[in-house]
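# sequence and predicted structure below; questions after.
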Amino acid sequence: MSNSNSPPAMPSLPWRCSSSLIMGLTGSMSRGFLYGLNRTEVVGLDRFLEVLDKREDVDGRERGLITVSNHVSVMDDPLIWGVLPFRYAFNPTNHRWSLGSYDICFQNRFLKAFFTYGQVLPTHRSAYSSHGGLFQPTMTEAIRLLSSQPFSQLPSNLPHAVEASDPFTAGTLTYSTNNLDSFPSPSFYPSRKHSWVHIFPEGRVHQHPTKSLRYFKWGISRLILESEPLPDVIPIFIDGNQEVMHESRQFPRFIPRTGKDIKIAFGEKVDGEKVFGELRDRWKRLVQMQKDALRKKGGKTEWEMGELTEGLKFGSEAVALRKEVTMRVRLEVLKVRKSLGYEDEDPKQGLVETWIEEGGKETGKMKDGSWVGNT
C-alpha cells in the first residue's frame, strides 16, 4: 500500500505458509477419516463449492459468508470440512474462520499457535470466564472479517500498545481478549475482507436422540445485523459425528470411533433480504436514533465497526431484534434438517426457557435424554 501507516495487505509469507500447512494437513486428515474410516454422505456439496469458487478472487468479493450449523461433536470442526476437495483445504484465504473456546483451544503456547494458524478466533465462554459474552472483542473481529472497511484502529476498550503475535512481522496489528493476552487481528488485512465465518450457535455440543437442536445463542445475530453488507448465509446440518465422539464414550475418550454413518447437508443460500432485510433496517434506524441522541448531548457519534453504546447492547428493542434474528437463523437450519426426512421438533426446543429446566448441570446426560458437552 502506498501509505506507510496503512496495514500490510496480508500477513507475512512465513505466516501464510504456516497457516496453509496447518489448514491443509488438518483438512486432509479429516477427509481421510471421513471417507476412509467411515461411511460419509454429503448433500448439497456441489452448490456449496460453487459459492466458494465465486469467492476465490478476494478483490471480486462483494460480501462475507456465514455458515451456521448444529453442533453434535467436539470434532465437528475440523471434521466437516474434510468433505471439501484438497485444493480448498490448502487455501486459507478462501477457507472458514471459526470461534473456538479459549479455555480449550488456547491453553498453552502450542495450542495457541496451532489454532491461530488454523483460523480459529479465541472466544471466552461466560460459564468459564468473566470475559465471555455477546460483546467480547472476538465478536468484533468476526464482524469485521465479514465486512470490508479498512480497519486501522484497535477497539477503544483494548490496550493500544501490544506486541504483534505474528513472529514474522513487527507491528501492532493485534487485539486482546482480556486486556492481558495478544492475538493477531486478521481483520486488519485487506486480503481478509468479506471472509467466511462458521459458527455453532448452540454454543456447546448437543446430542439429542431425535436430532433436535438446542436453543441458539445470540452471537449469530450480531454477525447478521452489524456486518456490512449483509453476508451470505448458508445453513448446514450434521448427523453422525455424535457417534464418532459421543459424550457417553468410555476409555479411551480421546480416540475417535470409526465405522460410523455420517451425513453432512449443505442447505441453499438463504434469501438474506427476504429473511433478514426488515430486521437489519430496524437495526439501522435504532443505530441512527442512538447517534441522534448522542449528537444532541455533544457525544461521540463516529464508532469503529463492532463498537456499541449501552443502548445498542442492552436496550429492549436491540434485544428483541437479536432474539428474532437468532430464531430465524435456527429455522433455516431446521429446514435443512427437515429436508433429510427427520420429523419436526417440538417448537419449545428452540426456547431458552426449555433449557433452563436442565438445571445447573452443565454437561453430561440431561433429563430429556440428550447429552451436552463442551464445545
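Ah, there it is. Given the structure is predicted, the values throughout are model-derived calculations rather than measurements. Numbers count the residues shown, from 1 in each chain.

# C-alpha only now, for contacts and for neighbours.
Fine.

# neighbouring contacts of the top strand by length along the chain?
Ranked by residue count, the top strand of the chain under DSSP state E comes out as strand 232-239. In this structure, residues lying in contact with strand 232-239 by C-alpha atoms under 8 Å, 6 or more residues apart in numbering are 63-72, 211, 262-270, 272, 332-333, 336-337.

# which ones among these are found in helices?
Among these, DSSP state H puts 272, 332, 333, 336, 337 in helices.

# out of the residues you listed, which are buried?
Buried subset of the ones in helices among the contacts of strand 232-239 (neighbour count, 16 or more other C-alpha atoms under 10 Å): 332, 333, 336, 337.

# make TSV out of these and add distance to residue 247 and pLDDT.
Below are these laid out as TSV (distance: C-alpha to C-alpha, whole Å; pLDDT from 0 to 100):
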residue	distance to residue 247	pLDDT
332	26	98
333	23	98
336	24	98
337	22	97
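
# between the residues you listed, which is closest to residue 38?
Within those, proximity to residue 38 (C-alpha to C-alpha) peaks at residue 337, which comes in at 21.0 Å.

# follow-up on the earlier one: among the ones in helices among the contacts of strand 232-239, find me the one that's closest to residue 298.
Among those, and counting by C-alpha to C-alpha, the member closest to residue 298 is residue 272, at 36.0 Å.

# quick check, the closest one in contact with residue 225.
No: counting by C-alpha atoms under 8 Å, residue 272 sits too far from residue 225 to count as a contact (11.1 Å).

# if we can go back for a sec, would you mind writing the CA trace of the longest strand of the chain as PDB?
The C-alpha coordinates for strand 232-239 follow below in PDB (Å, rounded to 0.1, in the frame of the first residue of the first chain):
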ATOM      1  CA  ASP A 232     -24.500 -14.600   2.500                       C
ATOM      2  CA  VAL A 233     -25.900 -17.200   5.000                       C
ATOM      3  CA  ILE A 234     -25.700 -21.000   4.300                       C
ATOM      4  CA  PRO A 235     -27.200 -23.400   6.800                       C
ATOM      5  CA  ILE A 236     -25.700 -26.800   7.400                       C
ATOM      6  CA  PHE A 237     -27.000 -29.900   9.300                       C
ATOM      7  CA  ILE A 238     -24.700 -32.500  10.700                       C
ATOM      8  CA  ASP A 239     -25.600 -36.100  11.800                       C
END
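
# list the neighbouring strands of that strand plus their orientation.
Strand 232-239 pairs in its sheet with strand 65-69 (parallel), strand 261-266 (antiparallel), by DSSP bridges.

# closest to residue 94 out of these?
strand 65-69 (10.3 Å).

# show me the shaky parts of the stretch 101-250 of the chain.
Across the stretch 101-250 of the chain, the ranges flagged by pLDDT under 70 are 149-172.

# in it, which spans are strands?
120-123, 174-175, 183-184, 196-199, 205-207, 232-239 (DSSP state E, counting those that start in this stretch).

# save those strands as TSV, and put in mean neighbour count and distance to residue 81 too.
Below are the strands of the stretch 101-250 of the chain laid out as TSV (neighbours: other C-alpha atoms under 10 Å; distance: least, C-alpha to C-alpha, whole Å):
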stretch	mean neighbour count	distance to residue 81
strand 120-123	24	14
strand 174-175	26	27
strand 183-184	20	23
strand 196-199	24	11
strand 205-207	26	17
strand 232-239	23	11
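
# and the closest residue to residue 309 other than its chain neighbours, how close does it get to residue 280?
Spatial nearest neighbour of residue 309, chain neighbours left out: residue 290 (7.9 Å); criterion: C-alpha to C-alpha, 6 or more residues apart in numbering. Counting by C-alpha to C-alpha, to the nearest Å, the gap from residue 290 to residue 280 is 15 Å.

# same question for residue 333.
On the measure of C-alpha to C-alpha, residue 333 and residue 280 end up 20 Å apart.

# list the buried residues for the helix or strand where residue 88 lies?
Using DSSP states H and E, residue 88 sits within helix 86-89. Using 16+ other C-alpha under 10 Å as the test for burial, helix 86-89 gives 88, 89.

# against which helices or strands is that helix packed?
Applying 3 or more C-alpha pairs under 8 Å, 6 or more residues apart in numbering; DSSP states H and E, we find helix 86-89 packed against helix 13-36.

# report the distance from stretch 262-271 to the chain centre.
Centroid displacement of stretch 262-271 relative to its chain, using C-alpha atoms, centre = their mean, to the nearest Å, is 16 Å.
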